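1. Return a 3D structure for these sequence lines:
(one chain, ligands or ions: 1)
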Amino acid sequence: TNDTVADHRTELWLLGLFPFSGPWPGGLGQLPAVLMGIEDVNNDPTILPGYKLRMTVDNTACDAGVGTNALYEQLYKPTTKLMVVGAGCSAVSQATAIASHLWNLVQLSYSSASPALSDKSMYKKFYRVFPPESSFNPAKISLLRAFDWNKVGTLTESQVELFALTTSDFLQKAPSHGIEVLTSESFSIDPREQVRNLKRHSVRIIVGNFYENKARVIFCEAYKKKMYGPKYAWIITGFFSRLWWKNVDPDNPHDCSIEQLEEAIQGYFTADANPNSLSQAPGISGKTYDQFATEYSNRTGYSNKTGYGEAPYGYDSVWAIASMLNRSQQEMELNVWNRSLENFSYQDTEMANLFLRVMNSTQFQGVSGPVMFDEKGDRRGLTQIEQLQDNTEVRVGVYDPSVRGELVRWEPGRPIRWIGGRPPPDSITEKIVPKVISTNLFFAMTSLAVLGIVMSLIFLVFNIRYRHRRYIKMSSPNLNNVILLGAIFAFIAIILCGIDTNLVSLEGSLITCKCYNWTLSLGFSLAFGAMFSKTWRVHKIFTNKQMQRMVIKDFQLLAIVCIQVGLDVVVFSAWEALDPLQIVFFDRPLEQVTDPDNDNQVLVPQSRYCESENMWYFTGILYAIKGLLLLFGAFIAFETRKVTVPALNDSKLIGISLYNVVILCLIGVPVALMMKDEVDACYTLISIFVFFATTLTICLLFIPKIINRNKHPKPGTMKIKSHESATTSTGFSDIEAEDIARLREDNENLKTSLREVSTWCGSNFLLDDEESGINI
Ligand SMILES: NCCCC(=O)O
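-> You can find the predicted model right below:
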């Protein structure tokens, strides 16, 4: 408690509560202003004549317990106090105001801002010359709307009612102004996780309600997470001390340097009570704001103490009290109460009620603007919007809630500084990037497929050109042609599979997707259908126990292939009619990345599937049909394994092809399904597998035939050579001798084959490829 100086005038004692430490040590800046006010009142002969204001001063440490203790200690001292001045921190004002009215004390705070203090049922004799923090929300909303910031996040020190209620008021008001709150983060001790959460929610505009001791930790985290600069805007409370980021609070440590904090905080906005009267005329004290400010700084030298920005409110508090006491004294004299201010006691409800009534109607021009109280005891006034520019909070706009339209009036000559040259966008825009097959990969695979098609065509030409050769004839050239047709379909499927929205429109990609399914399935049916059916003919012939001539014509085999193809057509037609394929989109926000060309945009990959609701039924049926075909192929390949006539025995070829296809399907289908979002990898896998399986099959079928053809370039029929040819000692020319030798060899081979066939079938079996139709 400060000691006081005696005077001849009657002393009227006030009970002063000030925070000089703790989360908001605003008493450091406020006390000098209050003392200035007391001095000026005492020096003014027109107000409270014969009286002299005195004040006790206690440090509340911005702590409710310490503040309440100080109040009680003062109340139990012999000197009666007429009023309580303070407290500064809302928590202390709440704790003391809930009790002070029981001593019939009117309490007036110079800075407490909690909206909770507007509750007259709890804080019955409480007034404040500082507006509630929630009254700045309309200004914040107006600021947000001015820059088209419609998406924000809030960060609140929720254990402090001042902030919890202010944020709650903001959350209530924001939606009706078209502002969407992306996330509302609250913390009590450590705010770092909540800062990270803001980033996780892609919040760019942050409305913060917290004390400066937490602000240092918050902005340190923001620095580390790069939540500052041209992409971010912070709107925080405006009552921090000057250069607050340089202060140290052992209870709220952080590990950022001052330079790092200064980098992180540049450009933040504050919304706060406008502390200076816009009127140039002197008010009740005889001073203008400028005169007060000059005197204040000359006396105190303060420019960076917490609370100095609100000093005008401290000064006006004293004038409000003096004015109220002055008028109350006059009223008591007028109404012949027979007691005066100095007779006030803590039991004097009548005088306390008089104080209340007079206070309600108190109205004067202060250095902070017009002072008056609403029905809740709150000060109403202008809100200022400041921006931190070069480490100084500069007023850039003023908001007057009484003006219709609620727009911020920007300060002429004090432009807002944007770090990026323009206001940051309120959110990260999302750009959908379809996951498409890379063009280079498509062309690489298409080249492979074209290679496969060319190879198939060469085999086709070879097959047609030499179809009358016995070796080719015996391996069923017509069916081989069908196999090659199936291979060409499979190669075309590779090309179709790679045509998605990278090359054609959505509609086009749907058509290519359907065509891919058709061609791959038909290719499979044609190739394996033909291969297995011709082997089935061999099987039928060599297992014919009746020893009858076996006649299975090509068209019968082709009919089997047609049945296969027909099944495909039926299933695909039913699929198309009942449950047509569609392009289905699926966004993948978890895989999003920042656009390298635009920081404010993220690229969200979008998978595009060619699907239908019941596609698994139809693909299941197709897999079942193809599976049965493969099983059938495996069976006949096994049955005909002992046929040693090379031109007849495709069992090894079928075995290898089967093995090949089954293995590739067993690996390929599940892997392709698992990797379906990795379009390039999936396409590569499918293409390579289809190419490999198809190429291997046709090469196994045709390369031996080509080799055979090269070994025996002429057909196995004797030709009469010209007499001009060179002759050997046997009388034949060299060429004729060669032909004869080969014919002999062929003859021996055929005899061996016949013997084998006969032994195997248990009979003499006629191989008459012209008549029997055994063009295998
Ligand atoms: N104007 C400063 C507010 C501090 C508080 O109410 O706790």
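
2. ok, and for stretch 275-295, which residues are buried?
-> Residues of stretch 275-295 classed as buried: 275-277, 283-285, 287-289, 292-293 (neighbour count, 16 or more other C-beta atoms under 10 Å). C-betas here are computed from N, CA, C, even on glycine.

3. tell me which of the residues you listed is nearest to the ligand?
-> residue 275 (10.0 Å; C-beta to the nearest ligand atom).

4. Tell me if that closest one really is in a strand.
-> No. Applying DSSP: H, G, I helix; E, B strand; the rest coil, one finds residue 275 to be coil, outside a strand.

5. Would you check that it makes contact with residue 312?
-> Yes. The pair residue 275 / residue 312 is scored as a contact, 4.6 Å apart, by C-beta atoms under 8 Å.

6. Neighbouring strands of the helix or strand containing residue 16 in the sheet, and parallel or not?
-> Using DSSP states H and E, residue 16 sits in strand 10-18. Using DSSP bridges, strand 10-18 pairs in its sheet with strand 51-59 (parallel), strand 81-85 (parallel).

7. Could you report the neighbour count for the residue in the stretch 651-776 of the chain positioned nearest to the ligand?
-> Per C-beta to the nearest ligand atom, residue 677 is where the stretch 651-776 of the chain lies closest to the ligand, at 52.7 Å. Neighbour count of residue 677, defined by other C-beta atoms under 10 Å: 14.

8. Kindly list the main-chain dihedrals of it?
-> The phi/psi pair for residue 677 (degrees, to the nearest 10) reads phi -90, psi -20.

9. Now it. Nearest residue, chain neighbours left out?
-> residue 607 (5.3 Å; C-beta to C-beta, 6 or more residues apart in numbering).

10. show me the contacts for the nearest residue to residue 146 once chain neighbours are set aside.
-> Among residues not flanking residue 146 along the chain, residue 408 sits closest, at 5.9 Å (C-beta to C-beta, 6+ apart). Residues near residue 408 by C-beta atoms under 8 Å, 6 or more residues apart in numbering: 139, 142-143, 146, 385, 397-399.

11. Could you identify the most distant pair in these?
-> 146 and 398 (12.9 Å; C-beta to C-beta).

12. what's the distance between the residue nearest to residue 146 and the ligand?
-> Going from residue 408 to the ligand by C-beta to the nearest ligand atom, to the nearest Å gives 20 Å.

13. What's opposite that residue in the beta bridge?
-> Under the criterion used here (DSSP bridges), residue 408 is bridged to residue 399.

14. Show me where the stretch 551-700 of the chain dips below the pLDDT cut-off.
-> Residues of the stretch 551-700 of the chain meeting the criterion pLDDT under 70: 551, 643-652.

15. The ligand contacts on that one?
-> Applying C-beta under 6 Å from any ligand atom, one finds that the stretch 551-700 of the chain does not approach the ligand at all.

16. Mind telling me which residue of the stretch 551-700 of the chain is nearest the ligand?
-> residue 600 (34.7 Å).

17. which residues sit in contact with that residue?
-> By C-beta under 8 Å, 6+ apart, residue 600 lies in contact with 231, 424-425, 428-429.

18. which ones among these are found in strands?
-> Members of those lying in strands (criterion: DSSP state E): residue 429.

19. Buried among the contacts of residue 600? Need that as a selection in PyMOL.
-> To isolate the buried ones among the contacts of residue 600 in PyMOL, judged by 16+ other C-beta under 10 Å, type:
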select buried, resi 424+425+428
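
20. Of the contacts of residue 600, which is the nearest to the ligand?
-> Once C-beta to the nearest ligand atom is applied, the member of the contacts of residue 600 that ends up nearest the ligand is residue 424, at 27.8 Å.

21. isn't that closest one right up against residue 227?
-> No. Residue 424 is beyond contact range of residue 227, at 11.1 Å (criterion: C-beta under 8 Å).

22. For the stretch 51-200 of the chain, which residues are neighbours of the ligand?
-> Going by C-beta under 6 Å from any ligand atom, the residues of the stretch 51-200 of the chain near the ligand are 89-90, 111-114, 130, 162.

23. Let me have those in CSV, extended by pLDDT, neighbour count and secondary structure.
-> Formatted as CSV, these follow (pLDDT from 0 to 100; neighbours: other C-beta atoms under 10 Å; DSSP: H, G, I helix; E, B strand; the rest coil):
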residue, pLDDT, neighbour count, secondary structure
89, 95, 32, coil
90, 95, 29, helix
111, 94, 29, coil
112, 95, 29, coil
113, 93, 31, coil
114, 94, 25, coil
130, 91, 27, coil
162, 93, 27, helix
